[in-house]
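*Asks:* what's the 3D shape of this:
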Amino acid sequence: MQEWVNAINSWIWSSALIYLCLGVGLYFSIRTRFMQVRHIREMIRLMFKGKASAAGVSSFQALSLSLSGRVGTGNIAGVATAISFGGPGAIFWMWVVAFLGASTAYIESVLGQIYHEKHEGQYRGGPAFYIEKGLGWKWYSMLFACVTVMACGVLMPGVQANGIAAGLKTAFGLSPSVTGAIVVLLLGMIIFGGVKRIANVAQVVVPFMALGYILIAFVVILLNIQQLPDVFMLIVRSAFGTEAGMGAMLGLAIQWGVKRGIYSNEAGQGTGPHAAAAAEVKHPAQQGLVQAFSVYIDTLFVCSATAFMILITGKYNVVAPDGQAVFTGLAGMTAGSDFTQAAVEQALPGFGSMFVGIALFFFAFTTILAYYYIAETNIAFLARKIPSAGLFFVLKIAILAVSFYGCIRTAELAWGLGDMGVGLMAWLNIIAILALQKPALATLKDYEQQLSLKQDPVFNPMAMGLNVAKHWHAKHSESEAVPEAPKA
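*Replies:* Numbers count the residues shown, from 1 in each chain. Coordinates of the predicted model:
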């Protein structure tokens, strides 16, 4: 099966997808006049603005929900894998794809907000919704929804579960089967509680663990601060093939940096719009800006924390395509969370390995929650005209089974299946947002114009010719309605 998975991924993750992701990010950066730089202050302000409603979650809950999907095993084990197979320079290309990808995340998240709708009293949206409503490509929207249910419900959760099992085995010697049972029990308690319970768990767990992880990374770096300039230069030189012994790995640095960057921050993949669509906001651009900043949090902060801990302690291996060792800092150890655990353990003996194991558990566990929500949303899209409770139940059972199986299968197979799911979604979504970019760009212009007039931006879909944004039509009509004067 591993050979079959590798063969498919060689097609999905060809150089075409690598350069498409970078090119689209650059294109949207130019079209938005590098909004990811101009609006950083506004992004931070909007994170804590807006309240939840009966139908939607708050901006912070939507941010936490999307971060629960973005911040996972890719931030710990994925970074180690990128370094091992792409060299330290892969980290530089992860930064590039995050910077450019922030604009892509803005575009897709705004579209998720514009074209969302209510389903059984809850806001639902995502690429399948905006493909159908904005482009009228019903067959394509159904294809995306089916691929996403398969990717998020079957292919990708196993990577996260496998990372949890590996981390807890290294830290506590816990059997993968025991870890699988714990994951299934906790996961079931949450996903059977509905979308609001998932959002409530995410808004508590994700910020707490992300801040704690970055703080520990800061301590590790401080303990080795004299090596920080050399590590930074190692990353830059390796990124352009000028580091001694790594000149032949330039292409691999780009490939692994982009691949693991997209897997981690998910910009352009089409997962972020699902969380963005669930938010209660006055203007779609607000959630677009918040989701753009979530890409920075994921890659520039959390992934960078992992990378610097690994590189500054020298606890990593680099392997050439022919299997020859380019650098060996951990003899006999394969790429994964073990790199990170060894790095923190060296700096903080007796604490580091356990801390990373716990952090990995929470990061990966909340990512599985996000995958469930995304898969559920796409089932809701496919089954809008029939009761979906039974289908949701089947999905719950499936994701519990896949998570348990992910804990006990090999890491190589888990990552291969995960890469397949990410790649398929990215291909389909990037084509869609390129075709549907006009309303997203117009929405940013409208938001900026209202800000320049010192107004609190409010979205008017009629003024922008968005006749299919039915929810926003109703919302705008309600805000414009003037109550009748009381009768004498």
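*Asks:* Spell out which helix or strand contains the closest residue to residue 297 other than its chain neighbours, please.
*Replies:* Leaving aside its chain neighbours, residue 297 sits nearest to residue 67 (6.3 Å; criterion: C-beta to C-beta, 6 or more residues apart in numbering). Placement of C-beta: from N, CA and C, glycine included. Assessed by DSSP states H and E, residue 67 sits inside helix 59-70.
*Asks:* Give me the helices and strands touching that helix, please.
*Replies:* With contacts defined as 3 or more C-beta pairs under 8 Å, 6 or more residues apart in numbering; DSSP states H and E, helix 59-70 has these neighbours: helix 40-47, helix 195-223, helix 272-277, helix 284-295, helix 352-382.
*Asks:* May I have it exported as CSV, CA atoms only?
*Replies:* C-alpha atoms of helix 59-70 as CSV (Å, rounded to 0.1, in the frame of the first residue of the first chain):
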residue,chain,number,x,y,z
SER,A,59,-14.3,35.8,15.7
PHE,A,60,-12.0,34.4,18.4
GLN,A,61,-13.8,31.1,18.4
ALA,A,62,-13.5,30.9,14.6
LEU,A,63,-9.8,31.8,14.9
SER,A,64,-9.4,29.1,17.5
LEU,A,65,-11.3,26.6,15.4
SER,A,66,-9.2,27.3,12.3
LEU,A,67,-6.0,27.2,14.4
SER,A,68,-7.0,23.9,15.8
GLY,A,69,-6.9,22.7,12.2
ARG,A,70,-3.7,24.5,11.4
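*Asks:* What distance do you get for residue 42 to residue 102?
*Replies:* Distance of residue 42 to residue 102, given as C-beta to C-beta, to the nearest Å: 13 Å.
*Asks:* cool, and residue 159?
*Replies:* Look at residue 159 and residue 102: by C-beta to C-beta, they are 24 Å apart.
*Asks:* Also residue 183?
*Replies:* The value you get for residue 183 to residue 102, if C-beta to C-beta is used, is 31 Å.
*Asks:* More neighbours: these two, which one.
*Replies:* Neighbours were counted for residue 183 and for residue 102 using other C-beta atoms under 10 Å; residue 102 has more, 31 against 25.
*Asks:* Nearest spatial neighbour of that one, chain-adjacent residues omitted?
*Replies:* Excluding the flanking residues, the one nearest residue 102 by C-beta to C-beta, 6+ apart is residue 36, at 3.8 Å.
*Asks:* coming back round to it: mean pLDDT for the helices and strands packed on helix 59-70: which is lowest?
*Replies:* Among the helices and strands packed on helix 59-70, helix 195-223 carries the lowest mean pLDDT, a mean of 84.
*Asks:* which helices and strands does that helix pack with?
*Replies:* Judged by 3+ C-beta pairs under 8 Å, 6+ apart, the packing partners of helix 195-223 are helix 59-70, helix 176-191, helix 304-313, helix 337-347, helix 352-382.
*Asks:* following it, which helix or strand shows up next?
*Replies:* Sequence-wise, the next helix or strand downstream of helix 195-223 (DSSP H and E) is helix 228-239.
*Asks:* That next one relative to helix 195-223, how many degrees between them?
*Replies:* Counting by axes from the mean of the first three to the mean of the last three C-alpha atoms, to 10 degrees, helix 228-239 points 110 degrees away from the direction of helix 195-223.
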